[in-house]
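Asker: what's the 3D shape of this:
(one chain, ligands or ions: 1)
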Amino acid sequence: MADVARPPIVARGEEKVWFDRLREHELVFQRCTGCSHAVFPLRTVCSHCQSESLDLERSAGRGAVYSFTVQHRASHPFFQPELPITLVLVDLDEGVRVVANLVDSAPDVARIGMRVEAVFDDVEPELTLLRFRPAAGEETS
Ligand SMILES: [Zn+2]
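Answerer: Numbers count the residues shown, from 1 in each chain. Sure, this is the predicted structure:
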């Protein structure tokens, strides 16, 4: 599968901000200046009060698994060598929920409530992806 190219990521607007910050190893979300609601994914309007006044904040990158799934079929041939892939929905301590791959652990390690921390995976010079790994003290095998 080495001859299969990674599917391209074409990021614009708030998505571009997201990927630019990941490249700086920063996990960001927004905080509404009107109602203080934490907002994610990045957007132009608060999902709680529809205010357009949103500040970017940096997450400490720690949270708990809300849910997870283990993929045994690749969504694209490029990802075939990575199978099985554990996808986790993580409630960050700042109050937003994000999705990413779980790394540095066996595929059957994920469990609801498990503490995880962000990892910044520099997969290409211009592309960094968010991953999570079990936090120190969590079972990893
Ligand atoms: Zn708001």
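Asker: is the residue nearest to Val99 when sequence neighbours are not counted in a bridge, and if so with what?
Answerer: Among residues not flanking Val99 along the chain, Leu89 sits closest, at 5.3 Å (C-beta to C-beta, 6 or more residues apart in numbering). The way it works is simple: take the backbone N, C-alpha and C, and place the C-beta from them, glycine included. Leu89 has these beta-bridge partners by DSSP bridges: Ser67, Val99.
Asker: tell me the pLDDT at Leu89?
Answerer: According to the prediction, Leu89 has pLDDT 98.
Asker: give me the number of residues near it?
Answerer: Around Leu89 there are 15 other residues, counting by other C-beta atoms under 10 Å.
Asker: my read: it touches Val65, true?
Answerer: Yes. With contact defined as C-beta atoms under 8 Å, Leu89 and Val65 form a contacting pair (7.0 Å).
Asker: who touches the residue nearest to Val99 in this structure?
Answerer: By C-beta atoms under 8 Å, 6 or more residues apart in numbering, Leu89 lies in contact with 65-68, 97-99.
Asker: again, only using 6 Å
Answerer: Contacts for Leu89 (C-beta atoms under 6 Å, 6 or more residues apart in numbering) come out as 66-67, 97, 99.
Asker: ok, so of the residues you listed, who is nearest Glu24?
Answerer: Using C-beta to C-beta, Val99 comes nearest to Glu24 of these, at 20.4 Å.
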